[in-house]
Every structure is written in structure tokens, then in C-alpha cells.
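In: need a structure here:
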Amino acid sequence: MKELKFLVIHCTATPEGRAVSSADIRRWHLSPKPEGRGWRQVGYTDMIHLNGNLERLANNNDDAIVDPWEITNGVAGINQVSRHIVHVGGLDKSGKSKDTRTIAQRAALGKYVIDFIKKHPRVKVAGHNQFDKKDCPSFSVPEFLRNIGVSEVNIYTP
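Out: Coordinates of the predicted model:
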């Protein structure tokens, strides 16, 4: 059990407009290799669908401690101190990285982040790409956070 330090934002790395279900995420993450990744737990706690609906993917008790049963596989090395949220999309129709968030997704993600910080005022919010050499979540998380009024105290800067 460790203190929660990060909220990490991800994308599903799927083409713009393509719906993704929780069953898809579970298959991609939990199925044995080579079909999936062979993980014991999905990579994200919550998912924001194209219409802005929020879906819980992994149980947690929403407190400031990450219990072993709450750990998701979002970013190697920091999962024990993180929660992870994913938005559906992140690629253009040709498979290149693109900010594909719908208006509903932007609003839902903004509300999610603001509410999360209210519950966990010491948390730092980051994009997956701030920890790994990846495009995920296909937009600048620090810029998004500043645009929705998040304090610099809560914006992760490596």
C-alpha cells in the first residue's frame, strides 16, 4: 500500500470515431500473448467513451492509498502510486497520433480531473508520454490542464 502520487491520462490508440468497449480493453490487456498482453489487471481504472460517458474498468476505493488490488498497468515503474484514466481514440484514420477527443470527452475529462484533484489535492496529473517515449495520450496534458484552470502544483513536470 502506497500513497497516491499520480493521475496519468492515456488514449486507447484507436482510430478517430471508433468505439471501444470494456470487453475490448480486457481482451487487449488480459488475454495471453500474442493476442493480448497477458497482464493480470487492465491498464486503466476508468475509461471515457466517445459520448463522454465514464466507465469504471478496475475496482478501487477512491482513497489516497493505492492498495495492491487497485494497481493497474498504465505505466511501468509508477503503477503502485498511480491511477490511470483512458479516453477512447488518439489516432487519425490512417493510424497517426492525433487529438481525437470529442467535445463530450474533453468536458468529461476536465470534470474528472478537477474532481480527482479535489479528492486528492497532492496528486500530480500527467500524460503517459511524460513517462515513456510514446505519443499517448495524443495531446499535451500540461496545456490541457492549464486551459481548464488546474494549478501548477498539480501539473506534473519531469
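In: For the residue in the chain sticking out farthest from the centre, give its distance to residue 115.
Out: Farthest-out residue of the chain from its mean C-alpha position, per Cα atoms, centre = their mean: residue 34, at 23.5 Å. As judged by Cβ to Cβ, to the nearest Å, residue 34 and residue 115 stand 38 Å apart. Any C-beta I mention is one placed from the backbone N, CA and C, and that applies to glycine too.
In: ok so, going back, so is the residue farthest from the centre of the chain in a helix, a strand, or just coil?
Out: Put simply, residue 34 is coil when judged by DSSP: H, G, I helix; E, B strand; the rest coil.
In: quick one: the helices in the chain?
Out: 22-30, 103-119, 141-147 (DSSP state H).
In: Could you tell me which residues within the second one count as buried?
Out: Just to be clear, that refers to helix 103-119. By 16 or more other Cβ atoms under 10 Å, the buried positions in helix 103-119 come out as 105-106, 108-110, 112-113, 116-117.
In: Rebuild these as TSV, extending it with distance to residue 85.
Out: Output for the buried residues of helix 103-119, formatted as TSV (distance: Cβ to Cβ, whole Å):
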residue	distance to residue 85
105	11
106	13
108	10
109	7
110	12
112	6
113	8
116	8
117	13
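In: Report the two of the residues you listed separated the most.
Out: 105 and 117 (18.5 Å; Cβ to Cβ).
In: What residues of stretch 84-94 count as buried?
Out: 84-91.
In: Thanks a lot, see you next time.
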